[in-house]
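Trainee: with the input below, show me the fold.
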Amino acid sequence: MNRGTLLVKNVVLASSDSNIEDDDDDDDEAGKFLELGQDITKAYGPLGIVTAGYEEESLDRIVSACEAALTPPDSISPYFPVAILGKSDLKQTFKEVLSQLMERDCLLPEDGDELVLVSSDGRANSSYLRYPLVLFSGFEVPQLQQALRYIESMEKELPAQPMCAMAVPNAMDKQMSQLLEEIEGDYHENQVKRSVPEA
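Mentor: Numbering: from 1, shown residues only. The predicted structure is shown next:
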């Protein structure tokens, strides 16, 4: 992950009301990075994170990184809720999930409803993710940049680096299944591109 970049597809973020300037007419270009502080300048949504694919210990590390990013020097960390996605959330819109942040804070999905990482044999089913997910909502750009740096620095402490994305207006009405598919597709494509040596 490049520091200060956001791993979200241009077509997900580009919107006339999302505070993003985009001169590229090809909104379907996969794997495009948007620069925080340039393409993206403002926070959106209630403060909190939406996540999936991590066990409790790793999730605690992610939350601690976000707390540190949100806390000014010599200040108390602000409270923010954490929603952990389950299979039953895939039919909900992102807006619906965010509206439930407080009531779902740190509640694990029920048995059988977990969204888990793909097994080592690569078999896929409706409840798998290829990569863990962290969706940020309500983070100011400097806070998000700092959170991404902290998360990147924990590479050896996490089983896998997460797909990181942030709430923007034009993602609100998307079903979570669609949003996850778009984010995952771009993240995977960028991972493949980065693994190919430059000529």
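Trainee: CA atoms for contacts and neighbours, from now on please.
Mentor: Noted.
Trainee: for Asp113, give me the pLDDT.
Mentor: Asp113 is assigned a pLDDT of 91 by the prediction.
Trainee: from Tyr187, how far out is it?
Mentor: Asp113 sits 24 Å away from Tyr187, going by Cα to Cα, to the nearest Å.
Trainee: over to Asn170?
Mentor: Counting by Cα to Cα - Asn170 and Tyr187 are separated by 19 Å.
Trainee: out of those two, which sits in the busier spot?
Mentor: Tyr187 (25 against 15; other Cα atoms under 10 Å).
Trainee: wait, doesn't Glu184 sit right on Pro162?
Mentor: No. Counting by Cα atoms under 8 Å, Pro162 is not a contact partner of Glu184; they are 10.1 Å apart.
Trainee: what do those two both touch?
Mentor: Tyr131 (Cα atoms under 8 Å, 6 or more residues apart in numbering).
Trainee: name the element Ala160 belongs to?
Mentor: Assigned by DSSP states H and E, Ala160 belongs to neither a helix nor a strand.
Trainee: can you check Ile49 too?
Mentor: Assigned by DSSP H and E, Ile49 falls in strand 48-52.
Trainee: parallel or antiparallel, list what pairs with that strand.
Mentor: As defined by DSSP bridges, the strand partners of strand 48-52 come to strand 82-84 (parallel), strand 133-137 (antiparallel).
Trainee: what does the helix or strand following the first one contact?
Mentor: It stands for strand 82-84. Using DSSP H and E, the helix or strand that directly follows strand 82-84 along the chain is helix 94-99. With contact meaning Cα under 8 Å, 6+ apart, helix 94-99 is reached by Gly45, Pro46, Val50, Ala83, Asp89, Ala171, Met172, Asp173, Lys174, Gln175, Met176.
Trainee: could you flag which of those residues are buried?
Mentor: Among the contacts of helix 94-99, those buried by neighbour count (16 or more other Cα atoms under 10 Å) are Gly45, Pro46, Val50, Ala83, Asp89, Ala171, Met172, Lys174, Gln175, Met176.
Trainee: inside strands: which ones of the residues you listed?
Mentor: Val50, Ala83 (DSSP state E).
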